[in-house]
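Peer 1: this one's sequence-less:
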């Protein structure tokens, strides 16, 4: 049986066509077109005349395309014992049964694919092309698959029973995804799996019962999905926004939208209080309760492909196409560790249960084991690209998905060689993988639109045991309005039921009354009939007795008559027998006489017969001899005639063979010519058919290319819009960063100005210090001795400071240890109190239990209650184990912080030594300057005394001049010029001293500021040597 794309069916048997029919494209009963097709032309379209100016190849191709669109395509055929089934266009299957006439088939039944009312566009569900079909071995069911990856079933018994009603297929189990699945997630409290697909649908599956719980279609494509750990909420990333939805008892309802466009990855935290959503290269962290944007994690240069939470929800691991794997701290919002490999585009990431090791897969065909920002190991994939990875919650198993659709399971630690189990799963690259919280099931999705549920077994083929047998939650969400509506409906139904009960009771009462009346009437009728029948029975009995008496009388009369007749017959028969016996004796004598005569005659006849036989044998022997001679002669003649006949026969056969050969050659030539002409005609028809089919294929390819180009254009427009939005966001970020850069440049410019001013001030100070050093050079020897003493004192002071610092550190460490031991002691005391309370409760319960020692059953029940009450609290051991793990983690982190603190202390000590050396140098210079200032003051004092002496001497001389006393002092000593010069030098020194005082004050302020910054005690006893300031007031020393 062969079907074509033009709706024709052909039956071939041993190479010969036996039957042919065409299928008409039928509209469904609900959509019958009212317009009648004109009957003038049998064709579905009309070609214009050759002379028409509108004739073109485009119109012809359009007409052919329309004809092909209306003709049903036979895309699948399946045979069964009564006939066959074939597809007849989108959503239609026809059943044909064999007829007795001419080995043909007739259409028996039409089966259609029903409309899916839960779909957003129900009219599209019944327009699917049937791609494959098959019958069950018992031919009770028909199974088909469609172009949208759906499976439908039809029971053949229903087609035989009800042939008048329209038949429809049913889903084999439930509707499946018809496009690539993009998102997958599971929850903890329920056995649910959530998937989303490019077919714009979100589906909730139950992996224990293997059923579809919820299903809803939307107007936009869904890229990512995440289930809340409780199983009551679902987060779905659409092309336009991110939606948080409630999983109700019979619906998926949106209650919050987030402005995250094109979210390709989203996931809830393990606690469910936060969720992460990816927008390009930025990870947004939102609160599930307040819906606030808690944090934005920026750092990736490419798109983020995978995000995973740690077990305690304090860390977040992300990987992207930029080759970066980042570990984020949600407390600080910054990166803790990072591992960047630009040659690899990562596609998926996973984490060990202790959050110490990260597993990542990407485009470089390796599985990487990352810890503390470094790649520990790289396991090759052997020429296959890993696309997804997941680690079991026990940490002992690693599962990877490949681009070939296979799944690999391997142990941890990862094997070096090719030690893994590989399973063929999907027909396309695996997009996501997930493992349930109890490590019982592995879930995989792929671009082929399939969701596979795998049961996890160990090497011996045994299933993994659950650590805790905790049942799944059975609670479901329902809105208040739905609940009120259902309660209202229930109340209405209850009232309706009560009304119906009342009506039924009333009807039953009426029926009882009617039936009771009828029963009374019937009983009365039956009683009357019974009485009448009794009377009839008595009458009949009397008649029966009369008839019996009559019959007995008649019987006695008949018996007497019969006995008389028998006696008469016996007497007559005896007389007849005597007469017949006499006749028999006479006949017997006659027969003896006749027998003797016949024996004599027989003897005579035998003798005559023997003589005649002898004569005849002699006569016939002589004749036989003559005939044998004649026969020999005839045989010789026959032999000669046979030879002549064979010769003539050979000549005739030879002549006939020649004639036959000539005729055969002639007709073979004619047959060859006819065959050659037939082959030429067949070739021409085949070429024309090929041209026609190639033109049809080209038209179909062009139409498909146009549709694909349109789809690609729409996709590219969507990508362009999203990229434009990304560009706008990046431009805004660039503007913000430019503004911050401008602010920082202004600040740098101000700081540079300040630095220039300080350099100028430093230059002035350096110049003054150089001048002072030039003046101080002669007294450097004494200063060196004093410096050595000061250095020794400062060395002792530094040692004391170091000892004090070390002691302070030891004290702080001891205090911290004391606080930790206090905390541990309080914890242990609390544990001891809890255990004492538990023991007390156990003692009281045990005492109460001992009271039932006489009653074994109650004692057994109480002991069982004690076991259920206290033995199940053995989780305290696990809590203690967890506390020890926390203590170990606390000690490890404390050691790490102590090491960091020690390094920081070392740095601070080094910097303090450097600043102390600078301070010592500055102090030494200050001391030397102060000493020089004191010496200058002494000189100034001496010069002042000399000036005073000279002034007094000048005053005495003036008095002597007035008194007329001759001056005995030589004129050389009375010259005023040197004293005047010396007085000018003193004023200059005072001015220099005041300037040095101001500089010393400035230096002191600077040193005090530096000491306050460093929080160091002042060196050399904390004070500088005092200046010896003595001023003369009114000319006195």
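Peer 2: Structure's in. What do you need? Remember, predicted model here, so these are calculated numbers, not experimental data. Numbering: from 1, shown residues only.
Peer 1: Which strands or helices does the helix or strand harbouring residue 929 pack on?
Peer 2: Here residue 929, judged by DSSP states H and E, is contained in helix 875-963. Contact here means 3 or more C-beta pairs under 8 Å, 6 or more residues apart in numbering; DSSP states H and E; on that basis helix 875-963 packs against helix 480-776, helix 780-850, helix 977-1014. C-beta here means a position set from N, CA and C on the backbone, and glycine is covered the same way.
Peer 1: of those, which approaches residue 470 most closely?
Peer 2: The closest of the helices and strands packed on helix 875-963 to residue 470 is helix 780-850. By C-beta to C-beta, the value is 22.8 Å.
Peer 1: tell me the angle that closest one makes with helix 480-776.
Peer 2: Interaxial angle of helix 780-850 relative to helix 480-776 (axes from the mean of the first three to the mean of the last three C-alpha atoms, to 10 degrees): 160 degrees.
Peer 1: Counting by contacts, list what helix 780-850 packs against.
Peer 2: With contacts taken as 3+ C-beta pairs under 8 Å, 6+ apart, helix 780-850 sits against helix 856-870, helix 875-963.
Peer 1: Of the ones you listed, give the one that comes closest to residue 782.
Peer 2: Nearest to residue 782 among these is helix 875-963; the distance by C-beta to C-beta comes to 8.0 Å.
Peer 1: Compute the inter-axis angle for the closest one and helix 780-850.
Peer 2: Interaxial angle, helix 875-963 versus helix 780-850 (the same axes, to 10 degrees): 160 degrees.
Peer 1: Point out where this structure drops to low pLDDT.
Peer 2: By pLDDT under 70, the low-scoring segments of the chain are 25-70, 101-103, 117-123, 158-165, 460-469, 778, 872-883, 956-988, 1010-1037.
Peer 1: which residue is nearest the middle of it?
Peer 2: Centroid check for the chain by C-alpha atoms, centre = their mean gives residue 184 as the closest residue, at 2.7 Å.
Peer 1: Isn't residue 482 up against residue 248?
Peer 2: Yes: using C-beta atoms under 8 Å, residue 482 makes contact with residue 248 at a distance of 7.4 Å.
Peer 1: Pull up the gap between residue 200 and residue 257, please.
Peer 2: 17 Å (C-beta to C-beta, to the nearest Å).
Peer 1: quick one, which of these two is more surrounded?
Peer 2: Set side by side, residue 200 and residue 257 show more neighbours around residue 200, with 20 against 14, by other C-beta atoms under 10 Å.
Peer 1: Now for that one: which residues touch it?
Peer 2: 120, 217-222 (C-beta atoms under 8 Å, 6 or more residues apart in numbering).
Peer 1: Show only the entries of those found in helices.
Peer 2: Residues of the contacts of residue 200 located in helices (DSSP state H): none.
Peer 1: Is it possible to get TSV of the helices and strands packed on helix 875-963 that adds mean neighbour count and distance to residue 428?
Peer 2: Converted to TSV, these look like this (neighbours: other C-beta atoms under 10 Å; distance: least, C-beta to C-beta, whole Å):
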stretch	mean neighbour count	distance to residue 428
helix 480-776	10	18
helix 780-850	12	55
helix 977-1014	13	66
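Peer 1: could you dump these to CSV with distance to residue 133?
Peer 2: Shown next, in CSV, are those (distance: least, C-beta to C-beta, whole Å):
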stretch, distance to residue 133
helix 480-776, 23
helix 780-850, 68
helix 977-1014, 88
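Peer 1: Kindly reformat the helices and strands packed on helix 780-850 as a markdown table containing distance to residue 794 and mean neighbour count.
Peer 2: Converted to a markdown table, the helices and strands packed on helix 780-850 look like this (distance: least, C-beta to C-beta, whole Å; neighbours: other C-beta atoms under 10 Å):
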| stretch | distance to residue 794 | mean neighbour count |
| --- | --- | --- |
| helix 856-870 | 71 | 12 |
| helix 875-963 | 6 | 13 |
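Peer 1: would TSV of these with distance to residue 307 be doable?
Peer 2: Formatted as TSV, these follow (distance: least, C-beta to C-beta, whole Å):
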stretch	distance to residue 307
helix 856-870	42
helix 875-963	24
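Peer 1: With respect to residue 436, which of those helices lies nearest?
Peer 2: With C-beta to C-beta as the criterion, residue 436 lies closest to helix 875-963 of these, at 21.0 Å.
Peer 1: still on that earlier bit, did I read that right, the residue nearest to the centre of the chain in a strand?
Peer 2: Yes: under DSSP: H, G, I helix; E, B strand; the rest coil, residue 184 sits within a strand.
Peer 1: can you tell me how far the closest residue to it other than its chain neighbours sits from residue 211?
Peer 2: The shortest distance from residue 184 to any residue other than its chain neighbours is 4.1 Å, reached at residue 432 (C-beta to C-beta, 6 or more residues apart in numbering). Distance, residue 432 to residue 211, by C-beta to C-beta: 21 Å.
Peer 1: about what we covered before: show me the one of the helices and strands packed on helix 780-850 that comes nearest residue 454.
Peer 2: Of all the helices and strands packed on helix 780-850, helix 875-963 sits nearest to residue 454, with 29.2 Å by C-beta to C-beta.
Peer 1: ok now that closest one, how far from the chain's centre?
Peer 2: Put simply, helix 875-963 sits 70 Å off its chain's centre (C-alpha atoms, centre = their mean, to the nearest Å).
Peer 1: Contact partners for residue 233?
Peer 2: Contacts of residue 233 (C-beta under 8 Å, 6+ apart): 227, 244-247, 288.
Peer 1: swap that for residue 275, sorry
Peer 2: Going by C-beta under 8 Å, 6+ apart, residue 275 touches 226, 235, 266-269, 285-286, 288.
Peer 1: go on, residue 393?
Peer 2: By C-beta under 8 Å, 6+ apart, the residues touching residue 393 are 353, 435, 437-439.
Peer 1: Out of those residues, flag the one nearest to residue 188.
Peer 2: The closest of those, once distances to residue 188 are taken by C-beta to C-beta, is residue 437, at 4.7 Å.
Peer 1: before we move on, the earlier item: who does the residue nearest to residue 184 bridge with?
Peer 2: Beta-bridge pairing for residue 432 (DSSP bridges): residue 445.
Peer 1: Many thanks, we can stop here.
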